[in-house]
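>>> structure for this input, please:
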Amino acid sequence: MNTTTLEIGRGGNPLARRSAFDWAYALLIVLGAGYAFQRDGKSMNVYEVSILAGAVPSLIALGWFWGPLRALSIGVGALVLMAIALYMKTPDDFGADLAAADKVFLLKYFLSSQSAILWMSLLFFMSTAFYWIGLFARLGAGGSDNTALRIGTGLAWAAVVMALVGSLVRWFESHQIAPDIGHIPVSNLYEVFVMFCWMTALFYLYYEQIYKTRALGPFAMLIVSAAVGFLLWYTVIREAHEIQPLVPALQSWWMKLHVPANFIGYGTFAIAAMVAFAYLIKSMAAETRWWKLAPLWLLGVVLCFEPLVFRRGAAESGAYWFIYFGISALVVAAIISARRHIGQRLPSFEVLDDVMYKSIAVGFAFFTIATILGAFWAAEAWGGYWSWDPKETWALIVWLNYAAWLHMRLMKGLRGTISAWWALVGLAITTFAFLGVNMFLSGLHSYGEL
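A predicted model of the protein is given here:
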């Protein structure tokens, strides 16, 4: 089993073994934050200044902890600054020409928010395809990863870059429309689905490097691609990519903390569920009785069918949804049919179990923080910390579900197929809390509809 630890310097000093590149990275982060404050500090309130100040040590610490985040931060920052420069009317004017998104080549095809997010979508689809091709292709010499698997990883990283560029440029664009419209892009389903995609992929890429296996990529990217499919429908049918003013309840600095913390939970819970699916595929590799395999296929079908159930007005664009459902159900069936080959490529049960546990533990911690922050936000917006709104009730159900899972593991030693089934069912519960409640039930959190 592969694990990782954060290296500290000799003599207990965590700064003693930092390289020149580490310090150069830290300096770039500080300079970038200083530029942001110099440029937009007058329009920031005290909470936004605090968040900017807190982001500096956080990004530095994360970059020092996991090296790839340094290149990611620098690359995304450079591309976002390039996009902002292309939007500017003149070098001396802080105003921006948003029409440049349709006139300037790099903005039109790559760096405007919508272009970057479309690239994200394509790259995630391509990454998923290459991961699956690599899973069935021959491994390299000595059992090393083949070219398709390595391409899958590279495409996933490129998709994360474009997702972050699209989100940050969208944030900039929203402030250029009007002072009262600008907001952090985590306010509606379109924006949070983009965040779910890059955050889930980034957590998976971390586990991929730590455990030195790309065999889980096909499963992790499958849930990301499903989210991208929903996002594309939401963009085309609902024109959700259009930047809209915030509703009054969302005009709060709590949103900047509550929503990202929530989606760290959602993303890691999704990874845990897909790893659980892989665990069950491996455990059933030699199974030939259809009635033993049917529950796994049926649960996959239920997860694929959820977006249809949540959507109001089933007749509208029904063809898209039924094709989406049909392809998803066939994919689940194909994976189960190829369970023997897939099971041989997957890492050991111990590694699968450990990834599942770590994902749920991280998700539970951040979901707990998000729930507490949500209570403070509710008190500010509606005058009470808890009102048993459907969203709050289902958030509590999600929290209790994973609290029970962790309790059974840590106190009772729960392992194996039971914990995997539990984690997979947990995704259905989490999906309903994330998406279904807003669309299927009425309440204070019903800010949109499908």
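>>> so what touches stretch 396-411?
Taking Cβ atoms under 8 Å, 6 or more residues apart in numbering as the criterion, the residues outside stretch 396-411 that touch it are 269, 357, 360-361, 363-364, 367-368, 371, 414-415, 419, 422-423, 426, 429-430, 433. Backbone N, C-alpha and C define where each C-beta goes, glycine included.
>>> how about 10 Å then?
By Cβ atoms under 10 Å, 6 or more residues apart in numbering, the residues outside stretch 396-411 that reach it are 265-266, 269, 272, 353, 356-357, 360-361, 363-365, 367-368, 370-371, 386, 388, 414-415, 418-419, 422-423, 425-426, 429-434.
>>> so residue 199 sits in a strand?
No: checked against DSSP: H, G, I helix; E, B strand; the rest coil, residue 199 lies outside a strand; its state is helix.
>>> could you find the closest non-adjacent residue to it?
residue 267 (4.4 Å; Cβ to Cβ, 6 or more residues apart in numbering).
>>> assumed that neighbour was part of a strand.
No: checked against three-state DSSP, residue 267 lies outside a strand; its state is helix.
>>> how near is it to residue 366?
Counting by Cβ to Cβ, to the nearest Å, the gap from residue 267 to residue 366 is 9 Å.
>>> of these two, who's got more company?
In this comparison of residue 267 against residue 366, neighbours counted by other Cβ atoms under 10 Å, the higher total goes to residue 267 at 28 against 19.
>>> still on that earlier bit, using ChimeraX, make a named selection holding only the buried ones among the contacts of stretch 396-411.
One line in ChimeraX is enough to select the buried members of those, burial here meaning 16 or more other Cβ atoms under 10 Å:
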select :265,266,269,272,353,356,357,360,361,363,364,367,370,371,414,419,422,423,425,426,429,430,431,432,433,434
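>>> narrow the contacts of stretch 396-411 to those in helices?
265-266, 269, 272, 353, 356-357, 360-361, 363-365, 367-368, 370-371, 418-419, 422-423, 425-426, 429-431 (DSSP state H).
>>> so where's the stretch 301-450 of the chain uncertain?
Within the stretch 301-450 of the chain, the stretches falling below the threshold (pLDDT under 70) are 302-321, 324, 438-450.
>>> was I right about residue 219 contacting residue 346?
Yes: between residue 219 and residue 346 there is a contact under Cβ atoms under 10 Å: 8.9 Å.
>>> shared neighbours, those two?
Between them, residue 219 and residue 346 share these contacting residues under Cβ under 10 Å, 6+ apart: 135, 275, 278, 279, 281.
>>> most widely separated two among those?
When these are compared pair by pair using Cβ to Cβ, the two farthest from each other are 135 and 279, 15.5 Å apart.
>>> quick one: the helices in the stretch 1-150 of the chain, in order.
20-40, 46-65, 68-87, 105-106, 113-136, 147-177 (DSSP state H, counting those that start in this stretch).
>>> nearest to residue 261, out of the ones you listed?
Scanning those with Cβ to Cβ as the criterion, the closest one proves to be helix 46-65, at 12.8 Å.
>>> now do the buried residues in the closest one.
Taking 16+ other Cβ under 10 Å as the neighbour-count basis, helix 46-65 is seen to contain the buried residues 48, 51, 52, 59, 60, 63, 64.
>>> on that earlier part again, who has more neighbours out of residue 219 and residue 346?
Summary of the neighbour comparison: residue 219 and residue 346, criterion other Cβ under 10 Å, with residue 219 having more neighbours (25 against 22).
>>> confirm that that one sits in a helix.
Yes: the assignment for residue 219, made by three-state DSSP, places it in a helix.
>>> in terms of pLDDT, where does it sit?
Residue 219 is assigned a pLDDT of 94 by the prediction.
>>> gap between it and residue 429?
Separation of residue 219 from residue 429 (Cβ to Cβ): 19 Å.
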